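1. Sequence plus predicted model, see below.
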Amino acid sequence: MTKIVKENDLDEAAQCLKNGGTVVFPTETVYGLGADALNEKAVEKIYAAKGRPSDNPLIVHIADTDSLSKIVREISPDARKLMDAFWPGPLTMIFKKSSAVPGVVTANLDTVAVRCPSNKTAHSLIKKSGVFVAAPSANLSGSPSPTVFKHVCDDMMGRVDFIIDGGECDVGIESTVLDVSGDEFRILRPGYVTYSDILKITDKIKSDYVDIKGVDTPKCPGMKYTHYSPRAEVFVVMGNSENCKMYIDEILAKKQKRTGVLSYKNTKYENADYVIDAGFDMTHYAYVLYEALREFDEHNIDIIYAQFEDEDGVGVAVKNRIFKSAGYKIVKV
Ligand code: TXA
Ligand code: MG
C-alpha cells in the first residue's frame with residue numbers, strides 16, 4: 001500500500017528510505033522515485049516499480065557534497081568549479097565510481113551519475129534519511145516524467161511505499177547530464193543548465209548537445225529507449241508561428257480524429273479539439289511540456305500537433321524531449 005504524505009511530514013518517509021523502501025519525492029526538475037543507492041535489494045524495487053530495463057543506470061541524489069568521495073573516485077578541479085556554480089540545482093554529473101556503488105545502480109558501468117537537488121523537500125528527505133538516494137524520474141517506463149502530484153499518483157499508486165505531495169516541479173524537464181569523468185566534458189542529456197552556462201565556468205566542454213537519431217550505443221544509456229510518450233501520437237511542427245498555424249490549420253480542417261495542439265506564443269487554433277499553450281519562451285515550454293502531454297491523454301486526444309521553434313539555450317533540451325515524444329515525426333515549415 002502506498003502512503004501519501006505532505007512536504008512538512010517527512011520523518012516516516014525518510015525512515016522508509018533508510019530501511020530499504022521506496023519513496024517518490026519532488027525535485028526542482030521532475031518527481032523522483034528514490035531508494036537507498038547502496039542497498040541492492042532496495043534499488044531493484046525501483047526498476048520493478050517503473051518497469052524499467054536494468055541496463056539503464058540511475059542518478060544518485062545527495063544533500064551536500066560532504067560524503068561525495070564515498071561514491072566517486074576522483075573529482076577534477078573543473079568538476080568542482082561546476083559543483084560550486086550549479087549545486088544544488090538541475091545539473092547531474094558523471095564521475096568514475098567507487099566500489100561502494102553497486103552495479104545495479106550504474107548498470108555495471110564504471111561511472112556513476114550524481115545530482116544534488118535544490119528542491120527543499122528533496123534536500124530534507126535525503127538529509128533526514130542519511131542515505132545516498134538513487135532515483136530515476138517517477139514515471140512508468142516510457143511515459144512522460146511526472147511534474148505534478150496527480151500525475152505521480154496516476155503512475156505510482158500501489159507501486160511504492162510513500163509518495164510525497166510536493167505540488168508542481170519548477171523546471172518541468174529532467175536535469176542536464178554532463179560527463180565529467182574524462183578530460184573533455186560532454187553533455188549527454190541537455191537540460192535547464194545549458195551549454196553556455198557551463199562554458200562560462202569551464203572550457204573543458206567543447207560543444208553543445210546534438211540530437212542524433214538512431215545512434216546505436218549512445219553514451220547516456222537511457223537515451224536509447226522510447227521516452228516521454230503519451231498515449232496520443234505526437235507530431236512536431238517546427239517553424240515560426242505564422243507557418244505553423246498555416247500548416248496545422250490545414251490539417252485541422254480535414255481532421256477525422258480527436259486532435260490537440262500544443263501551441264506556442266499563444267497562436268490560436270480554433271478548429272482543434274483541445275489546445276494548451278506553451279507560453280512565450282522555452283523555459284515556460286519546458287515547464288508545461290510533460291504536464292500538457294498527459295493532459296491531452298486525459299482529454300482523449302488521439303493526435304497532438306506540437307508547435308515548436310528551434311531555439312538555443314533551454315530550447316535544446318525541449319527539442320530533445322519533444323522529438324523523442326514524437327518518435328522523431330517532425331515537419332519543418
Ligand atoms: O532531473 C533528473 O535528473 C531526474 C530527477 C528525479 O533527479 N532524474 C532522472 O533520472 O531524470 P532518469 O533515470 O529518468 O534519467 C537518468 C539519465 C538516464 O538517461 C541515464 O541513462 C543517465 O541519466 N545516466 C545515469 N547514470 C549514467 C552513467 N553512469 N553514465 C551515463 N549516463 C548515465
Ligand atoms: Mg526518466
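-> Ah, there it is. Numbers count the residues shown, from 1 in each chain. Ligands and ions are numbered 1, 2, ... in the order given.

2. Run through the residues that contact the spatially most central residue of the chain.
-> The centre of the chain sits closest to Glu174, judged by CA atoms, centre = their mean, with a distance of 2.4 Å. Glu174 is in contact with Thr29, Val30, Pro90, Ser137, Ser145, Arg189, Gly191, counting by CB atoms under 8 Å, 6 or more residues apart in numbering. Yep, even glycine has a C-beta here, placed from its N, CA and C like the rest.

3. What strand or helix carries it?
-> Assigned by DSSP states H and E, Glu174 falls within no helix or strand.

4. cool, and Tyr228?
-> Per DSSP H and E: Tyr228 is located in neither a helix nor a strand.

5. again with Leu188
-> strand 186-189.

6. which stretches of the stretch 201-333 of the chain form strands?
-> Assigned by DSSP state E, counting those that start in this stretch, the strands in the stretch 201-333 of the chain fall at 233-238, 259-263, 274-277, 303-308, 330-332.

7. Kindly reformat the ones you listed as TSV containing distance to ligand 1.
-> As requested, the strands of the stretch 201-333 of the chain are exported to TSV (distance: least, CB to the nearest ligand atom, whole Å):
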stretch	distance to ligand 1
strand 233-238	19
strand 259-263	21
strand 274-277	22
strand 303-308	21
strand 330-332	21
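
8. Including distance to Gly130 and mean neighbour count, could those strands go into TSV?
-> Putting those into TSV (distance: least, CB to CB, whole Å; neighbours: other CB atoms under 10 Å) gives the following:
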stretch	distance to Gly130	mean neighbour count
strand 233-238	42	20
strand 259-263	42	26
strand 274-277	41	19
strand 303-308	43	25
strand 330-332	46	14
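
9. could I get the ones you listed as TSV with mean pLDDT and distance to Lys18?
-> What follows is the strands of the stretch 201-333 of the chain, written out as TSV (pLDDT from 0 to 100; distance: least, CB to CB, whole Å):
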stretch	mean pLDDT	distance to Lys18
strand 233-238	96	40
strand 259-263	98	41
strand 274-277	98	40
strand 303-308	98	42
strand 330-332	95	46
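
10. Quick one, which of those strands gets closest to Tyr195.
-> strand 303-308 (19.1 Å; CB to CB).

11. Any stretches of the stretch 101-250 of the chain with poor pLDDT?
-> For the stretch 101-250 of the chain, applying pLDDT under 70 flags the ranges 213-226.

12. rewinding a little: give me the distance between the strand holding Leu188 and the centre of its chain.
-> Remark: strand 186-189 is offset 13 Å from the chain centroid, using CA atoms, centre = their mean, to the nearest Å.

13. ok, it: who's next to it in the sheet?
-> Partner strands for strand 186-189, per DSSP bridges, with pairing direction: strand 176-179 (antiparallel).
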